[in-house]
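Chemist: Got a predicted model here, sequence first, then my questions.
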Amino acid sequence: MKFTRRRLVEGAVVTALGGVGIDRLVEWLTASPRRRQGAAPRPRPREQHVLENARIVVDDGVEVLVPPLHHRVITARLKGAPGPEGQQEFERALAEVEVAPSPVAVTVAWGTPYFRRFVPAQARREIPVDRRASAAGRREVRVLEDAERFPSDPEDTILEHNDLAVLLRGDDPDAVADAHARLFGELPELFAVTSVRKGVAGGGFGGAYSLPKRMVTGAGIPGAELMPATAELFLGFTSTVKRGLGPPKIANVETLGYAELRSGYFVGATHMHLSHIDEDLLAWYLNFDHGERVHAMFRPGFEVSAKTQTVRQGPHEVRTIPELHNDYARFRRIGHASAMQSASRLERDVVAHDGTVYRKGTAVPQRADFNTIDNPFAWSADPVRDRMKDRPGAGVHFVVFNPTSDDFRRVRLAMDGVLPDGVRLEFEPRSIGQGLNSVLRTTHRQNFLVPPRAHRSFPLSELKA
């Protein structure tokens, strides 16, 4: 029998709060463990994107951050100009979600359409300017710019125009669903939901059968049987290696000096990129043996023991730009991680505004991506435009925090072989020489600005135009 979304929900109506396929499938397959909560609540960090109480485990001798198991992103458009009452009501709802019996991490991000439509004068005054991008482009570039298509993107990649996106993360799927309902189901006068995106990450540490493996197997995705049983994500490798992710505050707009702040309003803010990417699991596992997958994911010629999933990604493992040129000349290939590290790692020691020293080779981006079998979303207000399909499909909702849109752009271009030194390594789009890119297809993209927690509810709307 065909395994469709209708079968997943067994006839349940999929509403703007729904798309319950992933949640029900995961409930049938496994129970989600709860993390230990602290005895007393602590003041929450200024930054929305920083996860509190992150657990660290050691896998294959490598420290790994354990991500929340269940993720959801809701995108929306505002129904009208936000007023003081609406701002206060949304903030109350956000606060309630964070202190619920099973708290959920909430990150509220705002797109360029919101700033242009509702607070244009305030945005021109307050949104920080990107110093590096402005100098390179010889024009004023803000830390938030519209998304663009990249060399390996299909021509039909949709560049979205949502006013906001809310990222929910937690170990309890019911708590995540309750947070969704509280923020959007109970505030219908404020928002028109445009999409719901659901998925999971992790659960495979310590030899456990991971949630992504359970989900993709239960959905009958081609190639699922070839995926490692303990993989954190569909493609088999651990993505939350501690030294492969930026330290907590490095992605703030102010930390590395990339941005010129107009005032203190956006101190503690960051940039968030959101995209959906189809993953061809059958091609990944059939066309590449384990050693070739290591070469594609990390770098050609790199060797690890068979079945290794967690690979060291510290400063000493970072490939230099001359080494990337040598890899290309020798193999006519590049590795996904090594290419991106040319732009995602600090090229020198940096002393931050608060005196923190970030050493050369330190990672800057903070990833929060998660796998999905929604194709591409759990629910869409415009299913024709979003090319919604009834059958499940392997994919990833890619969420990453960088200091600026341009910083994300530099890293993403490096993934396509456009290196920081200006050299472009020639590849056909999604060619085998690009390794991982050959099995990926981006369907949607958008950039967002994540204000500090104090200004997360309709930022800038309380200021005079």
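Modeler: On my side now, so go ahead. Numbering: from 1, shown residues only.

Chemist: Can you tell me the centre-most residue of the chain?
Modeler: Centroid-nearest residue in the chain: residue 399, 1.0 Å away (criterion: CA atoms, centre = their mean).

Chemist: Give me the neighbour count for residue 378.
Modeler: The local packing count at residue 378 equals 25, with neighbours defined by other CB atoms under 10 Å. Any C-beta I mention is one placed from the backbone N, CA and C, and that applies to glycine too.

Chemist: Kindly report the same for the one 3 residues further on.
Modeler: Under the neighbour criterion other CB under 10 Å, residue 381 is assigned a count of 16.

Chemist: Now do the same contact list for it.
Modeler: Listed by CB atoms under 8 Å, 6 or more residues apart in numbering, the contact set of residue 381 reads 16, 192-195.

Chemist: ok, which stretches of the stretch 151-300 of the chain are strands?
Modeler: With DSSP state E, counting those that start in this stretch as the definition, the stretch 151-300 of the chain shows strands at residue ranges 158-159, 164-170, 191-200, 259-260, 270-279.

Chemist: Take those and lay them out in TSV including mean pLDDT, distance to residue 224 and mean neighbour count.
Modeler: Formatted as TSV, these follow (pLDDT from 0 to 100; distance: least, CB to CB, whole Å; neighbours: other CB atoms under 10 Å):
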stretch	mean pLDDT	distance to residue 224	mean neighbour count
strand 158-159	98	27	16
strand 164-170	97	24	24
strand 191-200	98	14	24
strand 259-260	96	43	20
strand 270-279	98	11	24
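
Chemist: circling back to that earlier point, which two of the contacts of residue 381 have the greatest separation?
Modeler: For the contacts of residue 381, the maximum inter-member distance is 11.0 Å, found between 192 and 195 (CB to CB).

Chemist: Confirm for me that residue 310 is in contact with residue 63.
Modeler: No - with contacts counted by CB atoms under 8 Å, residue 310 stays clear of residue 63, the gap being 9.5 Å.

Chemist: neighbour-wise, which of the two wins?
Modeler: Under the neighbour definition other CB under 10 Å, residue 310 and residue 63 were set side by side, and residue 310 has more, 22 against 15.

Chemist: Pull up the overlap in contacts between residue 310 and residue 63.
Modeler: Shared between the contact lists of residue 310 and residue 63 (criterion: CB under 8 Å, 6+ apart) are residues residue 241.

Chemist: Output the below-cut-off pLDDT ranges for this structure.
Modeler: 1-42 (pLDDT under 70).

Chemist: Show me where it has its helices.
Modeler: With DSSP state H, the ranges of helices along the chain come out as 5-9, 21-29, 84-98, 112-118, 120-126, 131-137, 173-180, 211-218, 281-287, 290-297, 321-331, 336-344, 405-415.

Chemist: related to what we said a few turns ago, reformat the contacts of residue 381 as a markdown table; add distance to residue 382.
Modeler: Supplementary listing: these in a markdown table, determined by distance: CB to CB, whole Å:
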| residue | distance to residue 382 |
| --- | --- |
| 16 | 12 |
| 192 | 11 |
| 193 | 11 |
| 194 | 7 |
| 195 | 9 |
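
Chemist: With respect to residue 122, which of the residues you listed is nearest?
Modeler: Using CB to CB as the measure, the one of the contacts of residue 381 that approaches residue 122 most closely is residue 192, at 22.8 Å.

Chemist: number of nearby residues for the closest residue to residue 143 other than its chain neighbours?
Modeler: Spatial nearest neighbour of residue 143, excluding adjacent residues (CB to CB, 6 or more residues apart in numbering): residue 404 at 4.2 Å. Close neighbours of residue 404, defined as other CB under 10 Å, add up to 28.

Chemist: what are the phi and psi angles of residue 404?
Modeler: phi -150, psi 160 (degrees, to the nearest 10).

Chemist: Show the contacting residues for the closest residue to residue 127 other than its chain neighbours.
Modeler: Among residues not flanking residue 127 along the chain, residue 142 sits closest, at 5.0 Å (CB to CB, 6+ apart). By CB under 8 Å, 6+ apart, residue 142 lies in contact with 127-130, 405.

Chemist: Weed out the non-buried ones from these.
Modeler: A residue is treated as buried here by neighbour count (16 or more other CB atoms under 10 Å); on that basis the buried members of the contacts of residue 142 are 127-130, 405.

Chemist: Including distance to residue 447, could those residues go into TSV?
Modeler: Written out in TSV, the entries for the buried ones among the contacts of residue 142 read as follows (distance: CB to CB, whole Å):
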residue	distance to residue 447
127	12
128	14
129	16
130	12
405	5
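
Chemist: Return the member of the residues you listed nearest to residue 317.
Modeler: Of the buried ones among the contacts of residue 142, the one sitting nearest to residue 317 (CB to CB) turns out to be residue 405, at 27.4 Å.

Chemist: The closest residue to residue 399 other than its chain neighbours and residue 393: what is the separation?
Modeler: Leaving out its chain neighbours, the residue that sits closest to residue 399 by CB to CB, 6+ apart is residue 368, at 4.2 Å. Relative to residue 393, residue 368 is positioned 21 Å away (criterion: CB to CB, to the nearest Å).
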